[in-house]
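Trainee: structure of the sequence below:
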Amino acid sequence: MIKVAVTGAAGRMGGRIITLITEAEGLEVAGAVEMSGHDRLGEDAGYIAGCGNVGVAITASLEEALTNADVLIDFTWPEVTIGNAEVCARLGKAMVVGTTGLNQEQRDVISRVAESSPVVFAPNMSVGVNVCFKLLKDMAKTLGEGFDIEIVELHHNKKKDSPSGTAVRMGEIVADALDRDYNEVANYHREGMCGERSQEEIGMQTVRGGDIVGEHTVYFIGMGERIELTHRAMSRDMFARGAVRAAGWLADKPVGLYDMQDVLGLK
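Mentor: Next comes the predicted model:
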């Protein structure tokens, strides 16, 4: 039995993850964490998630939550995730990171943690999105230089980072397939007399509004034809399901940094 601890246990995502763990074969909830001072501390994590008591009380101590756990699933904020990752490294616990918006310095910390613990870190835990990542690589290689590439992403009005980590990863995959440096060719802003579009650039456009869970479209625009690859998220459950799948896959893996492409066998 793989024992899983969950951060943000009293929140929507944490609750869904806890519920899905109870429904998954071979997994069980072993720890549940919330921020210090939260009014649900001490209550049963399963009761709060709405799936019935699981015999695990929500605690503010990550170390306590990890006592009997094999792996931690973390969907929090970048600063919190980094602290949690360092605890996992110190205790030798595996970790699934679903947090988005990490900067390069924070990503480097995750990479260092993966030298001590097995870590799955992905900009998007959705199985469908990761299939899109695979398709994008093949499409870009096949279409080559004859197509302009634009990426448009839509999210709810509460999302803090822009563009989304998923959109950035899509841009990186396409750029790598075309032997381009994403950091040099990504174009996040066009206004005024900005001149003609260069052949190498990858346009990145962001839309924020309402309660959109997430939508990403990559346009390959050629002369006389256009190809669009779109992924639309209808609920946040897809992220939770992917994270639970990753936790089950990661539990017996050696130290190292993995992503959902590894989990799904797409590499």
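
Trainee: when you work out contacts or count neighbours from here on, use the C-alpha atoms and nothing else.
Mentor: Will do.

Trainee: residues contacting A167?
Mentor: Contact partners of A167, counting by CA atoms under 8 Å, 6 or more residues apart in numbering, are 151-153, 204, 216.

Trainee: can you map out the helices along the stretch 1-150 of the chain?
Mentor: Taking DSSP state H, counting those that start in this stretch to define them, one finds helices in the stretch 1-150 of the chain at 12-23, 45-49, 62-65, 78-91, 104-113, 127-143.

Trainee: would you map the strands across this protein?
Mentor: Secondary structure of the chain (DSSP state E): strands at 2-6, 27-33, 58-59, 71-74, 94-97, 118-121, 148-155, 186-187, 202-208, 214-221, 226-233, 256-258.

Trainee: including mean neighbour count, could those go into JSON lines?
Mentor: Listed next are the strands of the chain as JSON lines, based on neighbours: other CA atoms under 10 Å:
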{"stretch": "strand 2-6", "mean neighbour count": "25"}
{"stretch": "strand 27-33", "mean neighbour count": "25"}
{"stretch": "strand 58-59", "mean neighbour count": "26"}
{"stretch": "strand 71-74", "mean neighbour count": "27"}
{"stretch": "strand 94-97", "mean neighbour count": "29"}
{"stretch": "strand 118-121", "mean neighbour count": "27"}
{"stretch": "strand 148-155", "mean neighbour count": "22"}
{"stretch": "strand 186-187", "mean neighbour count": "18"}
{"stretch": "strand 202-208", "mean neighbour count": "19"}
{"stretch": "strand 214-221", "mean neighbour count": "19"}
{"stretch": "strand 226-233", "mean neighbour count": "14"}
{"stretch": "strand 256-258", "mean neighbour count": "18"}
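
Trainee: tell me the contacts of V4?
Mentor: 21, 27-31, 69-73, 247.

Trainee: ok, it to L135 distance?
Mentor: Computed as CA to CA, to the nearest Å, the V4 to L135 distance reads 31 Å.

Trainee: I17 touches G242, doesn't it?
Mentor: No: I17 is beyond contact range of G242, at 9.6 Å (criterion: CA atoms under 8 Å).

Trainee: neighbour-wise, which of these two wins?
Mentor: Neighbours were counted for I17 and for G242 using other CA atoms under 10 Å; I17 has more, 29 against 21.

Trainee: report pLDDT for that one.
Mentor: Predicted confidence (pLDDT) at I17: the value is 97.

Trainee: now it: closest residue in space, sequence neighbours ignored.
Mentor: A240 (5.2 Å; CA to CA, 6 or more residues apart in numbering).

Trainee: pretty sure that neighbour contacts T19?
Mentor: No: no contact is recorded between A240 and T19 when judged using CA under 8 Å, the distance being 9.6 Å.

Trainee: overlap in contacts, these two.
Mentor: Common neighbours of A240 and T19 (criterion: CA under 8 Å, 6+ apart): none identified.

Trainee: if we can go back for a sec, mind listing what the residue nearest to I17 touches?
Mentor: Residues in contact with A240 (CA under 8 Å, 6+ apart) are 13, 16-17, 20, 125.

Trainee: try it again at 7 Å.
Mentor: For A240, the contact set (CA atoms under 7 Å, 6 or more residues apart in numbering) comprises 13, 16-17.

Trainee: okay, now the domains of the protein?
Mentor: If the domains of the chain are taken from automatic domain parsing, they occupy 2-121+236-263, 127-233, with pieces of a single domain joined by a plus sign.
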